[in-house]
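1. Here's a sequence, model it:
(chains A and B)
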Amino acid sequence: MKEKLSIYLLKAAQKSGVESDIMSLEYTENSSNGDFSSNVAMVYAKKLGTTPRELAEKIIEVFKSDMPDFVIAVEVAGPGFINFFIKDEAFVEEIFRPGVQVNAKSLQRVLVEHTDPNTFKPFHIGHLMANAIGESLARLIIFSGDNVTKLCYPSDIGLHIAKSIWAISKNKPIVPEAGAPVIERTAFLGKMYAEGTLAYDADVTAKAEINALNKIIYEKSDAETNAWYEKGKRWSMEHFELLYKRLGTSFDEVFFESDMAPIGKEIVKNNIGKIFEESEGAVVFPGEKYGVHTRVFLNSHGLPTYEAKELGLNTSKFKKYPDTDLSIVVTANEQNDYFKVLVKTLSLLDENIGKKTMHIGHGMLRLSTGKMSSRTGKVITAETLIDEIKSLVLEKMKDNKEHATNKDAIADMIAIGAIKYTILRQAIGSDVIFDSAKSISFEGDSGPYLQYSAVRAQAVLAKAKEEGVVMMTSDNMTGNSLPTQVTYLEKLLVRFPDIVSRARSEYAPQHISSYLIALAGEFNSFYARQTIVDKNDPLSLYYVALTKSFFETLTKGLWILGIGVPEKM
RNA sequence: GCGCCCGUGGUGAAAUGGAUAUCACAGCGGUCUUCGGAACCGUUAUUGUAGGUUCGAGUCCUACCGGGCGCACCA
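-> Purely as a prediction, here's the structure:
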C-alpha cells in the first residue's frame, strides 16, 4: 500500500516540477492527519520559487487526475504537508489479501558473528545481552530474505586461560569429580580464573609463571597443561551449548581463537614493513598515520594479540565464504575504536574484506553497583539471572486458574522473554543498567505482556473453533460480514512489513519491540471493548479473522526478537 | 590531555529534520473478572545550559556543564 502510493505521489510530484527519484512518505502518528503524509512540498518549494502550500496544492491536483482507488481524500495541511486518507476497505483487503511481495533485491550472503564467550570464564549477563542482540539482528536479516550464517568466535586461548590453568595447578584437591554437573565444573573454572588474575596482579613470581605458561599453551609443549586445556575447553563449550539451547539460539559455525592465532600471526609477519612495523620488541600497526590508534599485533614474546587473531578470523571468514556480501561483527561498544583499527588493517590487506566488514557495538549491561568483572569474580551468571526471574514467574503462575501442564518450560520461556525484551526494547548501542531481577518487568512494556497477548488471542481462537464460528477467509468475505469502519488495529497490522524493513536497514530491533507493544495494546483494547466470538453477531467472523491476523503478526515479530510464544501461561 | 558515544516527566526508555514529543513503571481515580486482570479506561508530569543553521530542531553545527568508553604488548 505504502509502496504503491509512493509511486503515484512520485509521478505527481515530478509532473509538478520536483526533480527527485525518492519521495518521503510517512505513516502519520495522528489520524486527523490522514493515514500517510508527505513533506515533499516543503522540501522543494524554495527551489521551485514557490511556497510549500502552493506547491502542495499543485501536486495534489496532478495526483487527483490519476489516483489509486484506495485513496479517499488528499489534502494540504499545516505548513504544507500533503496528507492522504485511505479507504477503510483497503486496510481489510491488505490484511486478508496481501499482494505478492515485490521484492526484487537479490539474495545476499550475510555473516553475523556474536556472543563470543570465553572458555574458562563464566558466561555472564553481559554475554546474555550480546546473545539477545546478535541473535535478533541475525533473525531480522533472515526474515528480510537474506542468507544468514551465524558465527561464534569463542576465546579459547590467551592470558586468561593461562591464569586459570595456573590456578588449577595450585588447587588440584578441589577439582570437581568426573561425574559432576557441567555447571559445577565451569563454576570451578571461573573461580580459578579469578584466583589466577588476583595472583597475576599481586605477585611478580606468579606473573612470570603465568606468562611462561601462556607461551607453553600456545606451543602445546606440555602434556599435563594440554590435558587441562582440552578438558576445560570441553567443559566450557558443553556449558555454552546448554545455554544456547535454553536461550533458543544457535550457531552455524564456530571459529576458535586458538585456530585463528597462527593464521593471524602469519599475516602480520608477512606484512612487516608494509602494513605493520617493529617497535620496542613488538609488532604494531602505526594507526596514527591513518587517523586511528596505534595497536600491538604481536607482543614482545612473539605471541599474537587479540588484534592479530581477529585479522586471522576475519580473513578466514571470507576464505570459507567467498560469496559474502556483508560480514557483521557484534561486540560491546567498548571495542568501537579498536574495530576502527582492525577494519583499517583489513582494508590495507584486502580492500574487499575491509569494505564488507561491519562492526556493530552494543551497549553494556552494567550493574547499578559498578562494573561487572569476571577478573574479580564480581559477576552475575546467565543462569543466576534466568533462574531468579523464573522463580518470580513461577510465583506469579501460582495464582493462575489456567493450569499449564508443562509449567517449568513455560516459566523458562517467560523468564527468557522478559530478559530479552528488556534488552531489545531500547537502542542496541545504549547501556542497560541492571539493579536486580525485579527490574525485569512483567507488566506493560514487557516481554510477558506480549506473550500474554498472544496467549489471549489463542484462547479466543480456540473458543471460536469450539463454538463453530468459522474463520472468515479472503474468499467468503462479504459486505455484511465486514465492519463499516476499521480501527487502529487494522491500520497497525498493515504496517508490519515496513516496520521490519526499517528495523533491518537500521539494524535496530527496538523498532520491532515498540511496534509489537503498540500492536498488542491495540489488540487488548479491542478485546476489552468487543466480544469477539459471538454466534449471533454477523461481524464475529471478521473479528475472529482479525484476531488470527494479530496472532500471526505478533508471533512473527516475537520470532525476530528471539522470544517464544507459549500456548498458555 | 586527545578521540568516540550519551544527557528526554519522579524512574526506565521511544521518536527516517516534521504537525499537539510517544510508551511503560511509580502516583492518583475508575472497570469487577464474560473470550484468561500478566488486562482495560481516565489523570498528573518531560527534551542539561547558551548560541547558530532551517519554513520547521530531542534530532544538524559551535561552546559550555554533567556522565560513559577507549587511547602499546588483556580479550
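2. quick one: contacts for A:Y244?
-> A:131, A:250-251 (CB atoms under 8 Å, 6 or more residues apart in numbering). Heads up, the C-betas are built off the backbone N, CA and C, glycines and all.
3. for chain A, what are the low-confidence residue spans?
-> Within chain A, the segments meeting pLDDT under 70 span A:98-106, A:370-371, A:377, A:401, A:403-404, A:471-480.
4. what's the domain layout of it?
-> A:2-86, A:109-366, A:383-561 (automatic domain parsing).
5. Distance to A:R375 added to these, as CSV?
-> Output for the domains of chain A, formatted as CSV (distance: least, CB to CB, whole Å):
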stretch, distance to A:R375
domain A:2-86, 47
domain A:109-366, 5
domain A:383-561, 18
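6. can I get the ones you listed in a markdown table with distance to RNA strand B?
-> Shown next, in a markdown table, are those (distance: least, CB to the nearest atom of the strand, whole Å):
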| stretch | distance to RNA strand B |
| --- | --- |
| domain A:2-86 | 3 |
| domain A:109-366 | 2 |
| domain A:383-561 | 2 |
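7. related to what we said a few turns ago, I'd like to know which of the contacts of A:Y244 are buried.
-> A:131, A:251 (16 or more other CB atoms under 10 Å).
8. Quick check: which of the domains of chain A is nearest to A:R97?
-> Closest to A:R97 of the domains of chain A, according to CB to CB: domain A:383-561, at 4.7 Å.
9. picking up where we left off before, show only the entries of the contacts of A:Y244 found in helices.
-> Counting by DSSP state H, the contacts of A:Y244 place A:N131 in helices.
10. secondary structure class for A:R504?
-> For A:R504, the assignment made with DSSP: H, G, I helix; E, B strand; the rest coil gives helix.
11. Could you check how many residues crowd around it?
-> Burial of A:R504 is recorded as 21 neighbouring residues (other CB atoms under 10 Å).
12. residue ranges for the helices of the stretch 251-400 of chain A, please.
-> Counting by DSSP state H, counting those that start in this stretch, the stretch 251-400 of chain A has helices at residues A:257-270, A:306-320, A:336-349, A:351-356, A:382-398.
13. Out of these, which is the most enclosed?
-> helix A:306-320 (a mean of 21; mean count of other CB atoms under 10 Å).
14. That one relative to helix A:257-270, how many degrees between them?
-> 100 degrees (axes from the mean of the first three to the mean of the last three CA atoms, to 10 degrees).
15. do you know how far A:S373 is from A:G158?
-> 17 Å (CB to CB, to the nearest Å).
16. Compare the two and say which is more crowded by neighbours.
-> A:G158 (22 against 14).
17. can I get the helices of the stretch 251-400 of chain A in a markdown table with distance to A:M413?
-> Listed next are those as a markdown table, based on distance: least, CB to CB, whole Å:
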| stretch | distance to A:M413 |
| --- | --- |
| helix A:257-270 | 32 |
| helix A:306-320 | 33 |
| helix A:336-349 | 34 |
| helix A:351-356 | 36 |
| helix A:382-398 | 9 |
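18. Would you tell me which of these gets closest to A:A178?
-> Using CB to CB, these put helix A:382-398 closest to A:A178, at 21.7 Å.
19. Check which helices and strands that closest one is in contact with.
-> helix A:125-143, helix A:223-247, helix A:407-424 (3 or more CB pairs under 8 Å, 6 or more residues apart in numbering; DSSP states H and E).
20. what's the most buried one of those helices?
-> Of the helices and strands packed on helix A:382-398, helix A:125-143 is the most buried (mean count of other CB under 10 Å), at a mean of 24.
21. what inclination does it have with respect to helix A:223-247?
-> Using the same axes, to 10 degrees, helix A:125-143 lies at 60 degrees relative to helix A:223-247.
22. Which elements pack onto the following helix or strand past helix A:125-143?
-> The first helix or strand that comes after helix A:125-143 along the chain, using DSSP states H and E, is strand A:147-152. Judged by 3+ CB pairs under 8 Å, 6+ apart, strand A:147-152 is in contact with strand A:109-113, helix A:125-143, strand A:253-254.
23. residues in contact with strand A:147-152?
-> A:107-117, A:134-135, A:138, A:141-142, A:250-255, A:317, A:321.
24. now that strand against helix A:125-143, angle please.
-> 170 degrees.
25. partner strands of strand A:147-152, parallel or antiparallel?
-> Using DSSP bridges, the strands paired with strand A:147-152 in its sheet are strand A:109-113 (parallel), strand A:253-254 (parallel).
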